[in-house]
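In: Here is the input, now give the coordinates:
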Amino acid sequence: MNDINLKQIIEQFPDCITNGAKLKAILLDTYPEISKAIVNTLVIMANSGIAKEIQDSENITELDKSRWHQKLEDEGFSEKVICSCLNMVFIAFGLNGACISNDEKLVVESSVSIQTKRALPPSNLSDFEIKDGVLVKYKGNSSVVVIPDGVISIGYAFKDCRSLTSVTIPNSVTSIGKWAFWGCSGLTSVTIGNGVTYIMSYAFKDCRSLTSVTIGNGVTHIMSYAFKDCRSLTSVTIPNSVTSIGEWAFWGCSGLTSVTIGNGVTYIGNNAFSDCSGLKSIYYTGNFAGWCGIEGLVNITSSPRTLYIGGKKLEGDLVIPDSVTSIGSFAFHNCSGLTSVTIGNSVTCIDDYAFEGCSGIANMVIPDRVTCIGSKSFMGCRKLKNVVIPNSVTYIGNWAFCDCSDLSKIIFNGTIEKWNNINKEIDYLKNTAIKAIYCSDGIIHV
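Out: Purely as a prediction, here's the structure:
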């Protein structure tokens, strides 16, 4: 462990301090023999915001260390590994401090004095109004809150608790209810226990100081508006247990730069990541078939970004397998590194914005079963020269090939009559070099 130069890694790749997926890849590549427990702990520290909080700290207190320790302990890591990783991060940022494992000091620097480990103090039970296992109201005024073990649901309990800075949710909690933390403008970090299955609508809406959230491995649904306008959130990891992300769930999270989406997600609601103006990287832990199979990839981002699928940066040649039946909206939006795409024979619909901004693609063959080419689906594919469209197509949406400035040839595998019967929306060939459509029985001059 002492041979790991975390400081050098962070200096070379400063964004990995909040990007666990990238940090993991770098660690495994640089130190192939590294302990899996160390890697996993450091990844959690990056994704949860602990590492960034340490980086930004001018004075680390015992309460800080206890709080970080408790977060990692709730993830199931051993005390010795936790202390080793905390100390490793301290060293990386040139900070003084030490953690204790079984009363034995793990040395950070020779100048560090022995500290006594203290557990995070429990919150006063009288501060909580609990009815039948539901936390109905928080009546205290502490900035750091540990919800009592045994609470099974959090109701309309912390709305507008603006002095709240940190909350730890135990594994006994199975649901975070509507408006639970709405307007907690001072809340900076949240750890959601593995027992939670639902994060309900508006649960953390307008928590504008929230910089880190750890979503437990039991969460299956993130409902609509759950993290709306959490503008300080810089990265979020959606675990594999999550199957759906509701509409507008992360709307207005303008500080969000990276998102990791687990391979269990099958649905992303309308505008789930709309107005995330800083979003640059999306990491999807599954494969191409899984990504294409997600229903409603709508407004993942409105800005350029890099897509990583299964740990691989999406660039070069993309082969979409026959198991995929549709390509969702924004599925490969702005993947400018793509140079060629082969679409599987089972695809029936290419949805809106699917390949918009893929400026490196030169040729496109649309397979025979496709019936729908959505609005702006290939808009801005500036190097696209030739497109083959099958006679199965019945609809071409608005601006489908708009701004494909090099597009000079469309081959339609059907008759002139069939082409004329396709429902084609306005300006589907705007700003292209198309002069004619080549049909099986003749040419249509445009």
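
In: and F227, how far is that from G255?
Out: Noted for F227: a distance of 12 Å to G255, by CB to CB, to the nearest Å. No exception for glycine: its C-beta is placed from N, CA and C like everyone else's.

In: Which neighbours do the two have in common?
Out: L233 (CB atoms under 8 Å, 6 or more residues apart in numbering).

In: Settle it for me: which of the two has more neighbours?
Out: It is F227, of F227 and G255, that has more neighbours when counted by other CB atoms under 10 Å, with 28 against 18.

In: can you pull the buried residues of stretch 65-76?
Out: Neighbour-count burial for stretch 65-76, counted by 16 or more other CB atoms under 10 Å, picks out K65, S66, R67, W68, H69, K71, L72, D74, E75.

In: Redo these as JSON lines? Include pLDDT and distance to I396.
Out: As requested, these are arranged in JSON lines below (pLDDT from 0 to 100; distance: CB to CB, whole Å):
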{"residue": "K65", "pLDDT": "78", "distance to I396": "60"}
{"residue": "S66", "pLDDT": "75", "distance to I396": "61"}
{"residue": "R67", "pLDDT": "80", "distance to I396": "56"}
{"residue": "W68", "pLDDT": "85", "distance to I396": "54"}
{"residue": "H69", "pLDDT": "82", "distance to I396": "58"}
{"residue": "K71", "pLDDT": "83", "distance to I396": "51"}
{"residue": "L72", "pLDDT": "87", "distance to I396": "53"}
{"residue": "D74", "pLDDT": "81", "distance to I396": "52"}
{"residue": "E75", "pLDDT": "83", "distance to I396": "49"}
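
In: Restricted to strands, list those.
Out: Among the buried residues of stretch 65-76, none falls in strands (DSSP state E).

In: Now do the helices in the stretch 251-400 of the chain.
Out: Taking DSSP state H, counting those that start in this stretch as the criterion, the stretch 251-400 of the chain carries its helices at 288-292.

In: Point out where it drops to low pLDDT.
Out: Scanning the stretch 251-400 of the chain for pLDDT under 70 picks out 301-302, 304.

In: What separates the first and last residues of stretch 439-446, distance-wise?
Out: 13 Å (CA to CA, to the nearest Å).

In: Tell me how far that stretch lies from the chain's centre.
Out: Counting by CA atoms, centre = their mean, to the nearest Å, stretch 439-446 is centred 45 Å from the centre of its parent chain.

In: Would you verify that S84 is located in a helix?
Out: Yes - per DSSP: H, G, I helix; E, B strand; the rest coil, S84 lies within a helix segment.

In: if I read this right, it contacts I38, doesn't it?
Out: Yes - S84 lies in contact with I38 (CB atoms under 8 Å); the separation is 6.8 Å.

In: on that earlier part again, of the buried residues of stretch 65-76, which belong to helices?
Out: K65, S66, R67, W68, H69, K71, L72, D74 (DSSP state H).

In: Find the nearest non-adjacent residue to the fourth one, please.
Out: Once flanking residues are discounted, W68 sits nearest to I50: 5.1 Å by CB to CB, 6 or more residues apart in numbering.

In: May I have the beta-bridge partners of the residue nearest the centre of the chain?
Out: Residue closest to the mean C-alpha point of the chain, counted by CA atoms, centre = their mean, is V259 at 2.2 Å. Following DSSP bridges, V259 is listed with bridge partners V236, I282.

In: Was I right to think it contacts I238?
Out: Yes - contact criterion CB under 8 Å: V259 and I238 qualify, at 7.2 Å.

In: secondary structure class for V136?
Out: strand.

In: wait, doesn't it sit right on Y156?
Out: Yes - applying CB under 8 Å as the test, V136 and Y156 come out as touching, 7.3 Å apart.

In: avg pLDDT for the strand or helix carrying V190?
Out: V190 belongs to strand 189-191 when assigned by DSSP states H and E. Taken as a whole, strand 189-191 has a mean pLDDT of 82.

In: Tell me the helix or strand right after that strand.
Out: Following strand 189-191 in sequence order, the next helix or strand is strand 198-199 (DSSP H and E).

In: Quick one: neighbours of Y438, just the number.
Out: Here the count is done by other CB under 10 Å, and Y438 has 14 residues near it.

In: Now the residue lying closest to it once chain neighbours are set aside, what are its backbone angles?
Out: In space, and not counting its chain neighbours, Y438 is closest to I411: 4.8 Å by CB to CB, 6+ apart. I411 adopts backbone torsions of phi -110, psi 120, taken as degrees, to the nearest 10.

In: who touches the residue nearest to the centre of the chain in this structure?
Out: Contacts of V259 (CB under 8 Å, 6+ apart): S235, V236, T237, I238, F250, F273, L279, S281, I282, Y283.

In: what do you get if the cut-off is 7 Å, keeping everything else the same?
Out: Applying CB atoms under 7 Å, 6 or more residues apart in numbering to V259 gives the contacts V236, L279, I282.

In: okay, F227: pLDDT?
Out: Per-residue pLDDT puts F227 at 97.

In: you'd agree it is up against W248?
Out: No - counting by CB atoms under 7 Å, F227 does not reach W248; the two are 9.5 Å apart.
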